[in-house]
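Engineer: Pasting the sequence and the predicted coordinates here, then a few questions.
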Amino acid sequence: MLLSFIATGTIVIVGQNEPKIFPVHKGLLIRHASYFHGAFNSKSSYVEAQTGVLRLDQDDPKIFELFRNFIYTGKFYEDMKTDYSRQYIFDPLLHSKQIRFCNSSDITNEGSIGLSFKQLFDLYVFADMRGAEVVKDVIVHLVSDKVAELERIPVNLLATLEDCPDTERRGVLSHLARIIAMCADVNALSNYDENISQKRWVSISQEAQGCIRTITQWYSANNRTHLKLTACAFHGKDHER
């Protein structure tokens, strides 16, 4: 069955110790990630283009399965829902419940988002390595929704994202830095020094200053001042979904 599938698709073998085999249509891989476009280009000399078999030894089969779910269904899991136009409004005069910092082990209830922060961050890293821009942008929205619902940020997992370059202050780390600057007690991060790199401290500080300086982000409603936060501002680039 797998050999016949290669005629119209490809076989992706993921993982090293306990590898898992995924039959995937080649066109979907190419459409959603630039890495696969290069690997399976008909003019490519890569062995993957010649054999129709691709090995991803360093990747987690469970993370790749989430990616495969998305390229086939537009969802990472069956009942996934998110509103890409949703905006969160932060009112500094009324808001008394700040976003709290924690370790991922402190989170015992994942809420309505069917993936843990670790799964979301690992999936973001995978998408970043493979050039899957739409996947990255969807994860930014899911992370935003999850933080808003749980009112927590697992600081110990932020290091997972450090190697993902934020382009023009976009990306999930820049988005989290803005949330921290707006909705959390930045000083409380001192309890997690071992989890925050100097680079990230600088980024969060810059975001905090930007929140104060950027007057155009503020607007009035019912004679009150609010700050608008939307995940779309942290997309990797403009594109059609």
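Structural biologist: The structure has been received and is ready for your questions. Numbering: from 1, shown residues only.

Engineer: counting contacts, what elements does the helix ranked longest in the chain pack onto?
Structural biologist: Of all the segments of type helix in the chain, defined by DSSP state H, the longest one is helix 133-150. Where contact means 3 or more CB pairs under 8 Å, 6 or more residues apart in numbering; DSSP states H and E, helix 133-150 is packed against helix 61-73, helix 117-130, helix 172-183. For every residue, glycine as well, the C-beta is placed using N, CA and C.

Engineer: And the strands in this protein?
Structural biologist: 10-14, 20-24, 53-56, 87-90, 100-102, 152-154, 218-221, 224-230 (DSSP state E).

Engineer: Would you single out the least confident of those strands?
Structural biologist: Note on the strands of the chain: lowest mean pLDDT is at strand 218-221, with a mean of 43.

Engineer: circling back: from the helices and strands packed on helix 133-150, which stretch is densest packed?
Structural biologist: helix 172-183 (a mean of 23; mean count of other CB atoms under 10 Å).

Engineer: pretty sure P19 contacts D60?
Structural biologist: No: the criterion here is CB atoms under 8 Å, and P19 misses it with D60 at 11.0 Å.

Engineer: which of the two has more neighbours?
Structural biologist: D60 (17 against 14; other CB atoms under 10 Å).

Engineer: show me what contacts that one?
Structural biologist: Each residue near D60 by CB atoms under 8 Å, 6 or more residues apart in numbering is listed here: V14, G15, D122, F126.

Engineer: Just give the number of residues close to the second one.
Structural biologist: Put plainly, it is G15. 18.

Engineer: and the gap between it and D60?
Structural biologist: Distance, G15 to D60, using CB to CB, to the nearest Å: 7 Å.

Engineer: and which of the contacts of D60 is nearest to H175?
Structural biologist: D122 (16.9 Å; CB to CB).

Engineer: close enough to count as contact, that closest one and I63?
Structural biologist: Yes: the criterion here is CB under 8 Å, and D122 meets it with I63 at 5.2 Å.

Engineer: Give the buried residues for stretch 23-41.
Structural biologist: Of all the residues in stretch 23-41, those buried under the rule 16 or more other CB atoms under 10 Å are V24, K26, L28, L29, I30, H32, A33, Y35, F36, A39, F40.

Engineer: Would you mind measuring from the closest residue to G15 other than its chain neighbours to V147?
Structural biologist: Setting aside the residues directly before and after it, G15 is nearest to P61 in space (CB to CB, 6 or more residues apart in numbering), at 4.6 Å. Using CB to CB, P61 is found at 27 Å from V147.
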